[in-house]
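Chemist: need a structure here:
(one chain, ligands or ions: 2)
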Amino acid sequence: MMNYNIAVIRGDGIGPEIVKEAIKALNVAAKRFGFALNYHEVLMGGCAIDATGVPLPEETIRVCKASSAVLLGAVGGPKWETLPGHLRPEAGLLGIRSALGLYANLRPAVLFDPLKDACPLKAEIVQNGLDILMVRELTGGIYFGERGRSKGERGEEAYDTERYSVMEVERIGRIGFEAAKRRSGKLTSVDKANVLESSRLWRETMHRLAKEYPEVAYDDMLVDNAAMQLVRNPARFDVVVTSNMFGDILSDEASMITGSIGMLPSASLGDGTLGLYEPIHGSAPDIAGTGSANPLATILSCAMLLRYSLNQQEAANAIERAVQLALEEGWRTADIAAGKESIGTQQMGDIVCRLIETA
Ligand code: IPM
Ligand code: MG
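Modeler: Ligands and ions are numbered 1, 2, ... in the order given. Take a look at the predicted model:
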């Protein structure tokens with residue numbers, strides 16, 4: 001029987017509650033499809049700061065590197081917001097992506113048919129459904145560039161730097177083109193080449209790559225226009241490839257048009273099969289401990305984990321079908337209930353688990 005080591009970072013806020021349901025789902029899938037999972041709990045984020053003084057302990061990096069995949073809930077919260085930047089929970093998240101070389105972040109934004117009512121866009125805009133894959137560069141750009149503070153002529157100043165190398169653009173660009181080849185064959189690269197030099201290098205590099213992929217219909221779009229088109233005509237997008245910051249912003253926007261940010265999973269990948277899987281939403285401290293968080297984004301992240309890191313395709317499909325069925329049966333957590341009756345985190349987990357057994 002295949003046996004896999006999974007590093008688990010429950011994190012802060014609703015993190016532990018949603019990861020609990022995700023692990024339940026993984027276990028049901030493993031049992032049904034005949035493989036075994038060993039979980040290794042490690043700390044990252046606010047809980048790591050409380051226990052060890054730093055957001056990303058060395059031990060966490062070591063265990064993650066020795067695993068087949070990393071499952072992550074969410075990190076951060078008001079308790080740690082006043083700490084200096086490099087000691088905040090978010091620094092742990094950026095740090096682990098970087099330490100594991102996970103430069104490609106895949107964020108599929110799919111509007112599940114039963115959730116059409118939760119989509120805030122007019123029905124005619126989403127009548128043909130919505131299925132966008134955001135490919136976000138994850139270990140470069142302004143989130144990793146030089147930053148600091150200084151005293152200038154105008155008083156106190158702060159700066160952050162956006163820097164991209166051809167190599168970084170090429171490797172994320174290829175992920176975008178390859179994904180487009182597997183899907184409808186359409187790739188949009190998003191930048192701000194009318195202003196930023198880093199975007200001009202990004203665009204030049206993407207154009208060079210596009211020649212290697214004549215089968216992919218390629219276009220560029222400026223980020224402000226992309227933000228508008230996402231709500232005006234989201235169906236024009238298939239695969240979108242973009243920088244770290246633009247991808248961060250546009251993926252939250254894309255999530256909202258699929259009904260709720262509580263539905264979107266993500267996979268962070270590098271050159272090997274090791275990946276980190278997390279919902280794109282945050283730790284939602286306002287609802288932590290109430291048992292009302294939506295566990296579906298984390299459960300769907302487990303499907304991506306099974307698909308990309310463990311190559312357990314059938315198990316991945318079963319989890320995705322189970323989520324679809326749970327929604328078809330009418331089960332809703334508060335975020336997707338549109339004011340109607342809702343169920344809690346654990347109950348949603350139980351329902352999905354029941355459905356994985358037969359889905
Ligand atoms: C995300 C989050 C993180 C990011 C934060 C918490 C650092 O917003 O995964 O989208 O910006 O990458
Ligand atoms: Mg974000």
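Chemist: going forward, measure contacts and count neighbours with C-alpha atoms only.
Modeler: OK.
Chemist: Contact residues of this protein facing ligand 1?
Modeler: Glu90, Asp248, Ile280 (C-alpha under 6 Å from any ligand atom).
Chemist: how many other residues sit next to the second one?
Modeler: Which is Asp248. By the criterion of other C-alpha atoms under 10 Å, Asp248 has 18 neighbours.
Chemist: what domains does the record give for this structure?
Modeler: As recorded under automatic domain parsing, the domains making up the chain are 1-102+265-359, 120-149+156-257.
Chemist: mind listing the strands for this protein?
Modeler: 2-11, 35-41, 69-74, 104-110, 131-137, 147-152, 155-160, 186-191, 217-222, 239-242, 265-269, 275-279 (DSSP state E).
Chemist: By mean pLDDT, show me the worst of those strands.
Modeler: Comparing these by mean pLDDT, the weakest confidence falls on strand 147-152, with a mean of 93.
Chemist: That one - contacts with which helices or strands?
Modeler: Using 3 or more C-alpha pairs under 8 Å, 6 or more residues apart in numbering; DSSP states H and E, the elements in contact with strand 147-152 are strand 155-160.
Chemist: surely Lys186 meets Asp220?
Modeler: No - Lys186 lies out of contact with Asp220 (C-alpha atoms under 8 Å); the separation is 11.2 Å.
Chemist: Which ones among the residues of the chain next to ligand 1 map onto helices?
Modeler: Glu90, Asp248 (DSSP state H).
Chemist: Tabulate the residues of the chain next to ligand 1 (TSV), appending pLDDT and distance to Gly34.
Modeler: As requested, the residues of the chain next to ligand 1 are exported to TSV (pLDDT from 0 to 100; distance: C-alpha to C-alpha, whole Å):
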residue	pLDDT	distance to Gly34
Glu90	96	36
Asp248	96	36
Ile280	94	29
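Chemist: can I get the residues of the chain next to ligand 1 in TSV with distance to Asp350?
Modeler: What follows is the residues of the chain next to ligand 1, written out as TSV (distance: C-alpha to C-alpha, whole Å):
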residue	distance to Asp350
Glu90	31
Asp248	31
Ile280	22
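Chemist: Could you give the number of residues near the closest residue to Leu100 other than its chain neighbours?
Modeler: Distances taken as C-alpha to C-alpha, 6 or more residues apart in numbering place Lys65 nearest to Leu100, at 6.8 Å, with adjacent residues excluded. For Lys65, the neighbour count with other C-alpha under 10 Å is 16.
Chemist: Can you read off the pLDDT for Lys65?
Modeler: For Lys65, the pLDDT comes out at 98.
Chemist: Could I get the contacting residues of the most centrally placed residue in the chain?
Modeler: The centroid of the chain falls nearest to Ser266 when counting by C-alpha atoms, centre = their mean (2.9 Å). By C-alpha atoms under 8 Å, 6 or more residues apart in numbering, the residues touching Ser266 are Asn105, Leu106, Arg107, Pro108, Tyr277, Glu278, Pro279, Ile280, Ser301, Met304.
Chemist: how near is the second one to ligand 1?
Modeler: As defined by C-alpha to the nearest ligand atom, to the nearest Å, Leu106 lies at a distance of 11 Å from ligand 1.
Chemist: And the residue of the stretch 101-250 of the chain closest to ligand 1?
Modeler: Asp248 (4.9 Å; C-alpha to the nearest ligand atom).
Chemist: what's the burial count for Ile132?
Modeler: Using other C-alpha under 10 Å as the criterion, Ile132 is surrounded by 23 other residues.
Chemist: can you give me the helices for the stretch 51-200 of the chain?
Modeler: 58-65, 89-99, 166-182, 197-210 (DSSP state H, counting those that start in this stretch).
Chemist: could those helices be laid out in a markdown table, adding distance to Ala7?
Modeler: Shown next, in a markdown table, are the helices of the stretch 51-200 of the chain (distance: least, C-alpha to C-alpha, whole Å):
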| stretch | distance to Ala7 |
| --- | --- |
| helix 58-65 | 6 |
| helix 89-99 | 12 |
| helix 166-182 | 25 |
| helix 197-210 | 34 |
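Chemist: so which of these comes closest to Arg232?
Modeler: Across the helices of the stretch 51-200 of the chain, Arg232 has its closest neighbour in helix 166-182 (21.9 Å, C-alpha to C-alpha).
Chemist: What lies in contact with that closest one?
Modeler: 103-104, 135-137, 140, 186-187, 201-202, 205-206, 209-210, 213, 215-216, 238-241.
Chemist: hmm, which of those residues are the buried ones?
Modeler: 103-104, 135-137, 140, 186-187, 201-202, 205-206, 209-210, 213, 216, 238-241 (16 or more other C-alpha atoms under 10 Å).
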